[in-house]
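**Student:** A predicted structure for the sequence below; I have some questions about it.
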Amino acid sequence: MKKSNRRAFLTAATLAGTGAVANVIAAAPKKQLVHHVFFWLKNPGSVADRDKLVEGVKTLSKIETIRKLHVGVLASTEKRDVVDTSWDVSELMFFDDTAGQKVYQDHPIHQEFIKNYSHLWSKVVVYDAMEA
């Protein structure tokens, strides 16, 4: 192999390798923001109120920056001192970043949810966390 052909080959191989590494870095998953909300109903024993709130929370899935939405109700698991069983409905959302969560907070669908369903709850607690 001539020196010029070898040099051209090595240059091309290096550039191709650099491009491949850049593609891997660009495709690396971002650290998501998790938004976990717990609701306490005004009428804690009311299945109708609980189901209505669940219905309302599910409408939030139409907001484009929510990557995943899980709506939950209290599970019948083992009672332990570390388990809080005082809440009634929860929502767990995943966002790409804080900007996506801000879009959600200001979104008309979220504002409509608050307007139409806030009469059902007496307390709300929010936990926001970034992936470690």
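**Tutor:** Yep, that arrived.

**Student:** this protein: helices as residue ranges?
**Tutor:** Residue ranges of the helices in the chain, as given by DSSP state H, are 3-27, 47-59, 98-106, 108-117.

**Student:** worst mean pLDDT among those helices?
**Tutor:** Of all the helices of the chain, helix 3-27 carries the lowest average pLDDT, namely a mean of 59.

**Student:** show me the beta-bridge partners of the residue nearest the centre of the chain.
**Tutor:** Centroid-nearest residue in the chain, with C-alpha atoms, centre = their mean: Phe94, separated by 0.7 Å. In this entry, Phe94 is beta-bridged to Val34, Lys68, by DSSP bridges.

**Student:** does it touch Arg67 like I think?
**Tutor:** Yes - the pair formed by Phe94 and Arg67 meets the contact definition of C-beta atoms under 8 Å, at 4.5 Å. Backbone N, C-alpha and C define where each C-beta goes, glycine included.

**Student:** residues that sit against both of those two, list them.
**Tutor:** Gln32 (C-beta atoms under 8 Å, 6 or more residues apart in numbering).

**Student:** how is the protein divided into domains?
**Tutor:** Using automatic domain parsing, the domain ranges for the chain come out as 1-28, 33-130.

**Student:** what's Asp96 in contact with, if anything?
**Tutor:** Asp96 neighbours (C-beta under 8 Å, 6+ apart): 30, 32-33, 65, 67.
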